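A.B. asks: sequence unknown, structure follows:
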């Protein structure tokens, strides 16, 4: 449990989705190496936060193999998007490590120049990824400027034709050079209305490049929902946690028989993982492989993009609060929410005290007002009505002068009681709601608002 300067106590843990995604990328990294797939392994390497020396060695082996192909083949036979992008991503990784070779730079420049002559192989996403991966490497400045101009034209074309997935592909590359370029709000609203129809990769790209916080939270939540659905069968922490517990016990001074008794007790408690393992001779055996549902698909492109998106939006960790600390945070949030008057326990008690005071005065004056009304005979009522018809302003002023103290007390009491009832479960009240709760004035506000809605 940690504590910040304000005294708020919290625990930080790794987001299970983020952890599962990282594990999946590590698995896909090894798969790409075994498959000798430079495109996939270098794409993963670009997005992983840390790379070991062994990871870099494997990447370098595949890179050298692809560079050998450039020597042995004609240039036209190498104009394949995945082959070229594999070199681009590997260049990005090794350039950051200051380990990029002149041979790689010159070979890639030659291939990209040929791709530019061929209209970027008529592939907007290919040109966009080239732009994004090489934009900070001075040796490719001419290529980058050419790609930038071509992609910008494609972006305008796709936006005009309302082909938003392709427009987002272009924007993903343009974002590194045109940081102020964004989709218009009406376009975003349209995308949100059809959010189920956009691809996983497009959604992840949106989360990475998005700067509008109003919409970003919608896209990142949808991305997390899709990842939870994909990884729901691989997020089984019970077996992992159980193995950790048993290993911890085995590394302690606990006798083996005691550990077996603990496992038996876990089985009786209904812990399914305990029935799948046994402890023998300071070793752990898995007696029965637990059934798993559908496992995540091998999809390094989407998984790497999603991993980066979660990291950018600070979704790599989750903060845990106990109930009291959560209520404190909720009070602070309500008190600072724009357009609302946050009501913490202290403010609620003040409103309650004011209501009690006004209730006291109201009950003092109320009987007096009732008695005055009951004492009126029909002649007095007729005279008041006639006077009201002849000079209504005079009568209103007269009533205000004679009854303003009890009248205001009753009015204030009714207003505060309405507020207290609304906040009886805690929370917040908007400034507009405060006006609506006012006797008489609230009625006028509601009428005006309903009239505006009708127009």
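C.D. replies: Thanks, I have the structure now. All of these numbers come straight from a predicted model, not from anything done at the bench.

A.B. asks: need the contact list for residue 85.
C.D. replies: 39, 43, 126, 129-130, 133 (C-beta atoms under 8 Å, 6 or more residues apart in numbering). In short, each C-beta sits where N, CA and C put it, glycine included.

A.B. asks: how about 7 Å then?
C.D. replies: Going by C-beta atoms under 7 Å, 6 or more residues apart in numbering, residue 85 touches 39, 126, 129.

A.B. asks: Quick check: mean pLDDT of the host helix or strand of residue 125?
C.D. replies: Assigned by DSSP states H and E, residue 125 belongs to helix 124-134. Averaging pLDDT along helix 124-134 yields 94.

A.B. asks: who does that helix touch, helix- and strand-wise?
C.D. replies: helix 81-96, helix 141-160, helix 164-174 (3 or more C-beta pairs under 7 Å, 6 or more residues apart in numbering; DSSP states H and E).

A.B. asks: relative to helix 164-174, how tilted is it?
C.D. replies: 20 degrees (axes from the mean of the first three to the mean of the last three C-alpha atoms, to 10 degrees).

A.B. asks: now helix 124-134 against helix 81-96, angle please.
C.D. replies: Going by the same axes, to 10 degrees, helix 124-134 makes 10 degrees with helix 81-96.

A.B. asks: about what we covered before: in a markdown table, list the helices and strands packed on helix 124-134 along with mean pLDDT and distance to residue 226.
C.D. replies: Formatted as a markdown table, those follow (pLDDT from 0 to 100; distance: least, C-beta to C-beta, whole Å):
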| stretch | mean pLDDT | distance to residue 226 |
| --- | --- | --- |
| helix 81-96 | 93 | 24 |
| helix 141-160 | 93 | 24 |
| helix 164-174 | 93 | 16 |
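
A.B. asks: JSON lines for these, including distance to residue 204?
C.D. replies: Listed next are the helices and strands packed on helix 124-134 as JSON lines, based on distance: least, C-beta to C-beta, whole Å:
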{"stretch": "helix 81-96", "distance to residue 204": "16"}
{"stretch": "helix 141-160", "distance to residue 204": "18"}
{"stretch": "helix 164-174", "distance to residue 204": "10"}
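
A.B. asks: right, so the ones you listed: which one is the most enclosed?
C.D. replies: helix 164-174 (a mean of 23; mean count of other C-beta atoms under 10 Å).

A.B. asks: Just the buried positions in the helix or strand following it, please.
C.D. replies: Once helix 164-174 ends, the next helix or strand along the chain (criterion: DSSP H and E) is helix 185-193. Buried residues in helix 185-193, defined by neighbour count with 16 or more other C-beta atoms under 10 Å: 188, 191.

A.B. asks: Ok, stretch 242-251 next?
C.D. replies: 242, 245-246, 249.

A.B. asks: Can you give the contact residues for stretch 218-231?
C.D. replies: 17, 20-21, 192, 195, 200, 203-204, 206-207, 210, 296, 306, 309, 313, 315.

A.B. asks: whoops, I mixed them up, stretch 197-217
C.D. replies: Against stretch 197-217 from outside (C-beta under 7 Å, 6+ apart): 165, 168, 171-172, 175, 182, 188, 191, 219-220, 222-223, 226, 301-302, 305-306, 308-309, 312-313.

A.B. asks: Ends of that stretch, what's the gap?
C.D. replies: Its start and end residues considered, stretch 197-217 measures 18 Å (C-alpha to C-alpha, to the nearest Å).

A.B. asks: Same question for stretch 201-219.
C.D. replies: Start-to-end, stretch 201-219 (C-alpha to C-alpha) is 12 Å.

A.B. asks: Then stretch 110-127?
C.D. replies: End-to-end for stretch 110-127, by C-alpha to C-alpha: 15 Å.

A.B. asks: Looking only at that stretch, what residues are buried by neighbour count?
C.D. replies: 111-112, 115-116, 120, 124-127.

A.B. asks: Quick check: the farthest pair among those?
C.D. replies: By the measure C-beta to C-beta, 111 and 124 form the most distant pair in the buried residues of stretch 110-127, at 18.3 Å.

A.B. asks: picking up where we left off before, kindly reformat the buried residues of stretch 242-251 as TSV containing distance to residue 448, secondary structure and pLDDT.
C.D. replies: Converted to TSV, the buried residues of stretch 242-251 look like this (distance: C-beta to C-beta, whole Å; DSSP: H, G, I helix; E, B strand; the rest coil; pLDDT from 0 to 100):
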residue	distance to residue 448	secondary structure	pLDDT
242	63	helix	71
245	65	helix	72
246	69	helix	74
249	71	helix	73
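
A.B. asks: so which of those comes closest to residue 87?
C.D. replies: residue 242 (45.0 Å).

A.B. asks: pretty sure that closest one contacts residue 274?
C.D. replies: Yes: between residue 242 and residue 274 there is a contact at 6.3 Å, judged by C-beta atoms under 7 Å.

A.B. asks: Kindly point out which residues are neighbours of both of those two.
C.D. replies: Counting by C-beta under 7 Å, 6+ apart, nothing touches both residue 242 and residue 274.

A.B. asks: For ChimeraX, what selects the buried ones among the contacts of stretch 197-217?
C.D. replies: To isolate the buried ones among the contacts of stretch 197-217 in ChimeraX, judged by 16+ other C-beta under 10 Å, type:
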select :165,168,171,172,175,182,188,191,219,220,222,223,226,301,302,305,306,308,309,313
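
A.B. asks: what about the residue lying closest to residue 70 once chain neighbours are set aside, how many residues close to it?
C.D. replies: Among residues not flanking residue 70 along the chain, residue 107 sits closest, at 5.0 Å (C-beta to C-beta, 6 or more residues apart in numbering). Look at residue 107: counted by other C-beta atoms under 10 Å, it has 20 neighbours.

A.B. asks: Since that was my last question, I'll sign off now.
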